[in-house]
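Enquirer: Here is my input; please provide its structure:
(one chain, ligands or ions: 1)
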Amino acid sequence: MNYNPAHPCPQGTGTPVAFTPGDVPRRYPDVVRRLAVLVPLFGIQAARVEPVPRMTLKLVGRWRHRVMELAEAGLPGMAGDDPKVWKARKYALDCLPAFAIVPQRTRCCRLREVCPFCWAREVRETWLKIDKAFFAPTGGKGPSAYDLVEVGRDMSLSPLVNRDRHGRVLPDDQKIEALPEVFALWAAKRRSHVAEIEGLLASFQTIHIGFEDGKWRFGRRSILLIDHRAVPYEPSDRAALRYFHRSQLPNRRAVLLAVARACRYPTFLLRGDAGLVVRYLAARKGRKLSAMTGKFRNGKAGAVIPDPTPHT
Ligand SMILES: [Zn+2]
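Expert: Numbers count the residues shown, from 1 in each chain. Purely as a prediction, here's the structure:
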């Protein structure tokens with residue numbers, strides 16, 4: 001098979017939509033998406049508004065290219081020639097861009113685990129819930145009445161391992177994919193990771209995956225909302241952490257930056273070997289790799305708390 005993004009379907013039924021990104025919205029929910037997705041991909045200049053339309057267009061092209069590479073690499077639901085698959089590819093290719101407003105109306109592809117635009121939309125949803133929990137009591141005016149803790153842990157993993165999620169060593173030098181095992185372990189253990197934290201009122205835990213030097217980088221990221229009267233949280237393995245930040249009574253910008261850091265788009269999804277991405281997606285299939293507890297779960301996000309000022 002030889003896929004071409006300009007002709008996703010063998011019959012040539014779908015020419016991708018020509019998007020024309022225009023205005024860049026600059027409120028908090030827009031800033032958090034840019035910081036979480038565009039900055040990892042394009043660098044810190046994506047924090048400014050001016051280059052965003054150009055970057056959005058470039059990202060559309062890159063994403064389209066990746067969709068076809070994933071199809072070529074055999075991603076289930078994307079690879080093959082039957083009409084259902086053509087349609088799925090077409091949706092992915094024409095996924096509604098985030099970051100800048102486009103006059104073209106297309107749908108979201110909903111491939112949230114890999115599509116940078118759908119990833120960005122999910123970051124927004126996550127931020128809405130977390131921002132609301134921190135700032136609803138004060139209506140977004142002034143600092144939060146709670147403390148914020150951010151924790152990032154990383155570990156390296158060989159892609160194939162000889163030990164399963166229960167810690168059993170496999171017989172006869174047998175090797176299995178590492179990611180499904182660590183994902184299952186994370187899901188089983190994540191509650192215990194935050195169970196002992198004094199004054200904990202809400203937690204958001206998620207996974208960040210990267211690939212470097214032939215190994216997966218498996219990152220656990222947490223955002224904690226803690227009663228400010230509690231004894232300040234100090235993890236026992238602090239020296240080994242990738243990052244640890246504790247903000248007493250943080251402002252909205254601090255919480256926004258914490259969400260952008262925890263929900264950073266893994267750049268290997270667009271730039272890494274497509275076969276690896278297919279393995280990653282197979283490993284997380286049907287599994288949610290983020291979870292919220294306590295005040296972060298208090299219903300749907302509802303109305304956005306207004307921004308105090310526009311942002312550049
Ligand atoms: Zn999408």
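Enquirer: what's the neighbour count on Gln104?
Expert: Neighbourhood size, Gln104 [other Cβ atoms under 10 Å]: 12. Heads up, the C-betas are built off the backbone N, CA and C, glycines and all.
Enquirer: Just list whatever residues bridge to Gly152.
Expert: Arg221, Tyr243 (DSSP bridges).
Enquirer: Touching, it and Ile223? I think so.
Expert: No: here Gly152 lies out of contact with Ile223, judged by Cβ atoms under 8 Å, at a distance of 10.1 Å.
Enquirer: nearest spatial neighbour of Cys109, skipping sequence neighbours?
Expert: Spatially, and ignoring its direct neighbours in sequence, Cys109 is nearest to Cys95 (3.8 Å; Cβ to Cβ, 6 or more residues apart in numbering).
Enquirer: Could you say which helix or strand holds that neighbour?
Expert: Under the criterion DSSP states H and E, no helix or strand holds Cys95.
Enquirer: mind checking pLDDT for it?
Expert: Per-residue pLDDT puts Cys95 at 96.
Enquirer: What of the one 4 residues further on?
Expert: The pLDDT attached to Phe99 in the predicted structure is 96.
Enquirer: what sits against it?
Expert: 21, 24, 30, 33-34, 37-38, 52, 55-56, 59, 117, 120 (Cβ atoms under 8 Å, 6 or more residues apart in numbering).
Enquirer: returning to that earlier point: so what's the backbone phi/psi at the residue nearest to Cys109?
Expert: Torsion angles at Cys95 (phi, psi; degrees, to the nearest 10) stand at phi -50, psi 130.
Enquirer: And for it, the neighbour number?
Expert: Cys95 has 24 nearby residues by other Cβ under 10 Å.
Enquirer: again with Pro25
Expert: When neighbours are counted by other Cβ under 10 Å, Pro25 comes out with 17.
Enquirer: where are the low-confidence patches of this protein?
Expert: For the chain, applying pLDDT under 70 flags the ranges 1-14, 299-304, 308-312.
Enquirer: cutoff 50 now
Expert: Filtered on pLDDT under 50, the chain yields no residues whatsoever.
Enquirer: can you list the domains in it?
Expert: Per the record, the chain has its domains at 1-102, 124-301, by automatic domain parsing.
Enquirer: Would you reformat the ones you listed as CSV and include distance to the ion?
Expert: Compiled in CSV, the domains of the chain are given as follows (distance: least, Cβ to the ion, whole Å):
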stretch, distance to the ion
domain 1-102, 3
domain 124-301, 12
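Enquirer: want to throw those into TSV with distance to Asp307?
Expert: Output for those, formatted as TSV (distance: least, Cβ to Cβ, whole Å):
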stretch	distance to Asp307
domain 1-102	5
domain 124-301	8
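Enquirer: Show me where the stretch 101-250 of the chain has its helices.
Expert: 116-135, 178-194 (DSSP state H, counting those that start in this stretch).
Enquirer: which residues are in contact with the shortest one?
Expert: This points to helix 178-194. So helix 178-194 is contacted by 157-161, 163-165, 200, 203, 205, 207, 209, 216, 218, 220, 222, 224, 279-280, 282-284, 287, 289, 291, 293 (Cβ under 8 Å, 6+ apart).
Enquirer: how about a cut-off of 7 Å?
Expert: 157-161, 164-165, 200, 203, 205, 207, 216, 218, 220, 222, 224, 280, 283-284, 287, 289, 291 (Cβ atoms under 7 Å, 6 or more residues apart in numbering).
Enquirer: Report the buried members of the residues you listed.
Expert: Listed as buried from the contacts of helix 178-194 are 157, 161, 165, 200, 203, 205, 207, 216, 218, 220, 222, 224, 280, 283-284, 289, 291; burial here means 16 or more other Cβ atoms under 10 Å.
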